[in-house]
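# please find the sequence and the predicted model below.
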Amino acid sequence: MKSIMLSKKTNCPVPFDQQPLNEYLSLKDSVLFSWSLSPQSSFIFGFLFLFIVLFIFFSTFLVVFSNVSDLSQLFLLDLLFSNVVIFFLFIRLYLGWSYIIKRLMSATVFYEESGWYDGQVWIKTSDYLVQDRLVGVYQVIPFILRIKYSCFSILLNFLAIYLFHSVF
């Protein structure tokens, strides 16, 4: 389902795989990042499914290998581990999309012709700039905001775990 045509334009000196729009499309097609672009109900379902799988995995791991006898401590530790893994997953998503949005919104594109030692800078034409910025504003920024809100909810979970731990 590619709505944007993948073709190398003749007036763009940037290699095909380093053009911001093509970087966006390749990231969008990857498994991890395509999950973050799914509809909101699928995103929430995937998030909850991943949380439950991690919770079950860490609970079996903690029951077998930990010497914690208090069930509430074991439960809190399990919640903490599950939240940490999901938090790092969302950080990875955020870093990937923020790199893409910077490349899409920028008026210049840094690229490498054949290796790290011969970097060049290309100034986008107005057509490229408008197209890239429209994709950035309408296709990428809403999902970056979704990832930010998800990270915020995980931070609230950390706060709840801390408060629950200090009470009990």
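Received the coordinates, thanks. Numbers count the residues shown, from 1 in each chain.

# which one is residue 112 nearest to, not counting chain neighbours?
Nearest non-adjacent residue to residue 112, counting by Cβ to Cβ, 6 or more residues apart in numbering: residue 119, 5.2 Å away. Where you see a C-beta, it was placed from the backbone N, CA and C, and this is true even at glycine.

# that neighbour - how many residues pack around it?
Neighbour count of residue 119, defined by other Cβ atoms under 10 Å: 10.

# what sits against it?
110-112 (Cβ atoms under 8 Å, 6 or more residues apart in numbering).

# by neighbour count, which of the residues you listed wins?
With neighbours taken as other Cβ under 10 Å, the top of the contacts of residue 119 is residue 111, carrying 19 neighbours.

# ok, and what's touching the helix or strand hosting that one?
Counting by DSSP states H and E, the element that carries residue 111 is strand 108-112. Residues outside strand 108-112 that contact it (Cβ under 8 Å, 6+ apart) are 13-15, 18-20, 103, 118-124.

# just stretch 75-85 next, same as before
Residues outside stretch 75-85 that contact it (Cβ under 8 Å, 6+ apart) are 51, 54-55, 58-59, 62, 66, 68, 154, 157-158, 161, 164-165.
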